[in-house]
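Chemist: Structure of the sequence below:
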Amino acid sequence: MVKPAADANEWLLTDLLGRSMGVVRRSDGGTFLVEPGGNAKLTMTGMRCGPFHSLDDALSAIETHTRGICRREAAPDQ
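Modeler: Below is the predicted model of the structure:
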């Protein structure tokens with residue numbers, strides 16, 4: 001799952017059980033970087049973590065590497 005964080009430049013990554021898998025951050029230059037955390041550090045070993053031109057490109061890289069699906073969760077106000 002991917003959901004916006006309190007910081008508008010971050011998206012939280014969690015697995016389907018709600019465990020943290022890291023974050024995707026938008027840099028000052030406008031590119032996106034994946035920062036694996038928790039169990040994802042092992043799962044994403046060897047994955048290119050950026051820079052990516054868009055959030056979708058970053059999520060696509062995660063999906064390709066993990067052979068999974070990233071589902072977006074809407075922001076609470078949407």
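Chemist: Counting neighbours, what do you get for residue 35?
Modeler: Burial of residue 35 is recorded as 15 neighbouring residues (other CB atoms under 10 Å). In this view, the C-beta of every residue, glycine as well, is placed from N, C-alpha and C.
Chemist: ditto for the one 3 residues further on
Modeler: If you count neighbours by other CB under 10 Å, residue 38 ends up with 14.
Chemist: so who does it touch?
Modeler: Under the criterion of CB atoms under 8 Å, 6 or more residues apart in numbering, the contact list for residue 38 reads 19, 20, 21, 22.
Chemist: Give me the sheet partners of the helix or strand containing the third one and which way each runs.
Modeler: Pointing back at residue 21 there. Using DSSP states H and E, residue 21 falls within strand 20-26. Using DSSP bridges, the neighbouring strands of strand 20-26 in the sheet come out as strand 10-14 (antiparallel), strand 32-36 (antiparallel).
Chemist: Just put those strands in JSON lines and tack on mean pLDDT and distance to residue 54.
Modeler: Formatted as JSON lines, the entries for the strands paired with strand 20-26 read as follows, by pLDDT from 0 to 100; distance: least, CB to CB, whole Å:
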{"stretch": "strand 10-14", "mean pLDDT": "95", "distance to residue 54": "12"}
{"stretch": "strand 32-36", "mean pLDDT": "97", "distance to residue 54": "7"}
